[in-house]
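> quick one: sequence and predicted model below, then my questions.
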There are 2 protein chains.
Amino acid sequence: MYKATVIVKRRPSIVDPQGKAVEQGAKLLGFNNIEQTRIGKYIEFFINADDKSAAEKEINEYCTKLLSNPIMEDFEFTLEEAK
Amino acid sequence: MYKATVIVKRRPSIVDPQGKAVEQGAKLLGFNNIEQTRIGKYIEFFINADDKSAAEKEINEYCTKLLSNPIMEDFEFTLEEAK
């Protein structure tokens, strides 16, 4: 059993309207030192797999097919052993 | 100038319907080894501050007032120097 932590973010070249909206809110609240806010997804789950490479393969597939939009998002993940 | 990376997640005791929905999708696609999916937010931004402790103070306030819902979410952040 492994614990996986995935981060999905938009490619740097792609505009992030959600981040822009949050940044406008920040300015309205008086946070004037904040710049270039970008928002992505943080996903954690447990995966049953025989070994680490099998887990990595399945997570890659899971991220590509379900968790991210491969046209405009990148993902990265870390994996640690869990009991 | 510092680069901050914030992760906002629901407290472990609070049900995460978004994670449950994604996990159902996973099962429909044939990923049967995935369990306890939970989804949070990943936010990155740059912050202008004189020193690290000033930046940390402002980020704490930004997270509490805007980025997270303190009633049901926790946040954590890392900070690194950027040019």
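It's in.
> drop to CA atoms for contacts and neighbour counts, all remaining ones
Noted.
> can you list contacts of the longest strand belonging to chain A?
As assigned by DSSP state E, the longest strand anywhere in chain A is strand A:34-47. By C-alpha atoms under 8 Å, 6 or more residues apart in numbering or on different chains, the residues outside strand A:34-47 that reach it are A:1-10, A:16, A:18-20, A:22-23, A:26, A:55, B:7, B:33-48.
> for it, the distance to its chain's centre please.
4 Å (C-alpha atoms, centre = their mean, to the nearest Å).
> C-alpha coordinates for the helix or strand following that strand, CSV please?
Downstream of strand A:34-47, the first helix or strand assigned by DSSP states H and E is helix A:52-62. Included here for helix A:52-62 are C-alpha records, laid out as CSV according to Å, rounded to 0.1, in the frame of the first residue of the first chain:
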residue,chain,number,x,y,z
LYS,A,52,6.6,1.0,-6.4
SER,A,53,7.0,0.8,-10.1
ALA,A,54,3.6,-0.9,-10.5
ALA,A,55,2.1,1.9,-8.4
GLU,A,56,3.9,4.6,-10.5
LYS,A,57,2.6,3.1,-13.7
GLU,A,58,-1.0,3.0,-12.4
ILE,A,59,-0.8,6.5,-11.0
ASN,A,60,0.5,7.8,-14.3
GLU,A,61,-2.5,6.3,-16.1
TYR,A,62,-4.9,7.5,-13.4
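> residue contacts, A:Leu28?
With contacts defined as C-alpha under 8 Å, 6+ apart, A:Leu28 has no neighbours.
> with A:Ala21 as the reference, measure out to it.
11 Å (C-alpha to C-alpha, to the nearest Å).
> part of a strand, is A:Ala4?
Yes. Membership of A:Ala4 in a strand is supported by DSSP: H, G, I helix; E, B strand; the rest coil.
> can you name the residues bridging to it?
When bridges are called by DSSP bridges, A:Ala4 pairs up with A:Phe45, A:Leu79.
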